[in-house]
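Novice: generate a structure from the sequence data that follows.
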Amino acid sequence: MAKFSISNYFKESYEEWMHKVSWPTWSELQNSAIVVSVASLIIAIVVYLMDISFSSVLERFYGLF
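Specialist: The predicted model follows:
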């Protein structure tokens, strides 16, 4: 059974971060940010339209009473 040590943990963590993790390029990050921004905008517009339509329907429904 391996003995746990804080220094060993940090050493192995550093090794993994530097040699095993594949970091995205700046171009990939920009493309991902654009995709997320566009998707967020589309979702916000859909939610806004749903809110307006439900508000209109409920106003008409409450107007009957």
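Novice: what about Asn8, which SS state?
Specialist: For Asn8, the assignment made with DSSP: H, G, I helix; E, B strand; the rest coil gives helix.
Novice: show the pLDDT at it.
Specialist: We note a pLDDT of 91 for Asn8 in this prediction.
Novice: now Ser50: how far from Ala39?
Specialist: Wrong residue type there; residue 50 is Met, not Ser. Between Met50 and Ala39 the distance, using C-beta to C-beta, to the nearest Å, works out to 17 Å. Placement of C-beta: from N, CA and C, glycine included.
Novice: that should have said Arg60, apologies.
Specialist: For Arg60, the distance to Ala39 - C-beta to C-beta - is 32 Å.
Novice: low-confidence bits of this structure, can you list those?
Specialist: Low-confidence segments of the chain, defined by pLDDT under 70: 1-2.
Novice: what helices or strands is the longest helix along it leaning on?
Specialist: Taking DSSP state H as the criterion, the chain has its longest helix at helix 26-63. Helices and strands touching helix 26-63, as assessed by 3 or more C-beta pairs under 8 Å, 6 or more residues apart in numbering; DSSP states H and E, are absent.
Novice: middle-most residue in the protein, spatially?
Specialist: Most central residue of the chain, judged by C-alpha distance to the mean C-alpha position with C-alpha atoms, centre = their mean, is Val36 at 7.3 Å.
Novice: what residues are up against that residue?
Specialist: Counting by C-beta atoms under 8 Å, 6 or more residues apart in numbering, Val36 touches no other residue.
Novice: tally of neighbours for Phe10?
Specialist: Other residues within reach of Phe10, judged by other C-beta atoms under 10 Å, total 10.
Novice: measure it to His19 for me?
Specialist: Look at Phe10 and His19: by C-beta to C-beta, they are 15 Å apart.
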